[in-house]
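Engineer: predicted model and sequence follow; I will ask about them next.
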Amino acid sequence: ICTGGGVWIETEERGRRFIRLNRIHMEEDAGMSSHQADGSSAVDLNRSGVPLCEIVSEADIRSSAEAIAYMKAMRSILRYTEVSDGNMEEGSLRCDANLSLRPTGQMELGTKVEVKNLNTFKGVQRALEFEATRQAAALDRGESIVQETRLWDEENATTRPMRGKEEAHDYRYF
């Protein structure tokens, strides 16, 4: 639908910044799997086939505060233009966030990890902060970060592995 452009955000920590957009495109929502504690799985096809608009940013966001400011700016634009009511809890606005750590002074980003199941602003903030801490601790121990998709577990305030990612191009930023 579009490429380029961006969104202005403002945070106390870094002031006013421009978050670049890579693209906006249409997709079809898929069924949702839910995995139970007893090892069984269920599939909800209620939203399967529903069109959705995916907005992909560049890797310009540097903190959970900037991620929230970006999400709020996007929601405001989508509400004003009547594209969406922006109700995250009802599923009409969702966030899949990619996070990668980069050592100070280096230009290259680290291994990206996608976090899914983010449906509140507080959840986005908590998931990103948890994941940044998890990755930093792993790197401090000399471990490598595995390129994967993780789920946010709101109840336990943790992320957990969902599936591995074979190809880096499978990832998008938001």
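Structural biologist: Okay, I see it.
Engineer: quick one: contacts of the helix or strand where residue 19 lies?
Structural biologist: In this structure, residue 19 sits in strand 15-28 according to DSSP states H and E. Residues from elsewhere that reach strand 15-28 (CB atoms under 8 Å, 6 or more residues apart in numbering): 1-11, 48-58, 60-61, 66, 70, 172-173. Every residue, glycine included, has its C-beta placed from N, CA and C.
Engineer: repeat for stretch 131-142
Structural biologist: Against stretch 131-142 from outside (CB under 8 Å, 6+ apart): 64, 99, 100, 101, 110, 113, 115, 144, 145, 150, 159.
Engineer: just the buried residues out of these, in ChimeraX syntax.
Structural biologist: In ChimeraX, this line selects whichever of these come out buried by 16 or more other CB atoms under 10 Å:
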select :64,99,100,101,110,113,115,145,150,159
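Engineer: sorry, back to before: the strand holding residue 19 pairs with which strands, parallel or anti?
Structural biologist: strand 2-3 (antiparallel), strand 6-11 (antiparallel), strand 51-57 (antiparallel) (DSSP bridges).
Engineer: so which of these is nearest residue 121?
Structural biologist: strand 6-11 (13.3 Å; CB to CB).
Engineer: contacts for that closest one?
Structural biologist: Against strand 6-11 from outside (CB under 8 Å, 6+ apart): 16-21, 57, 63, 65-66, 69-70, 73-74, 77.
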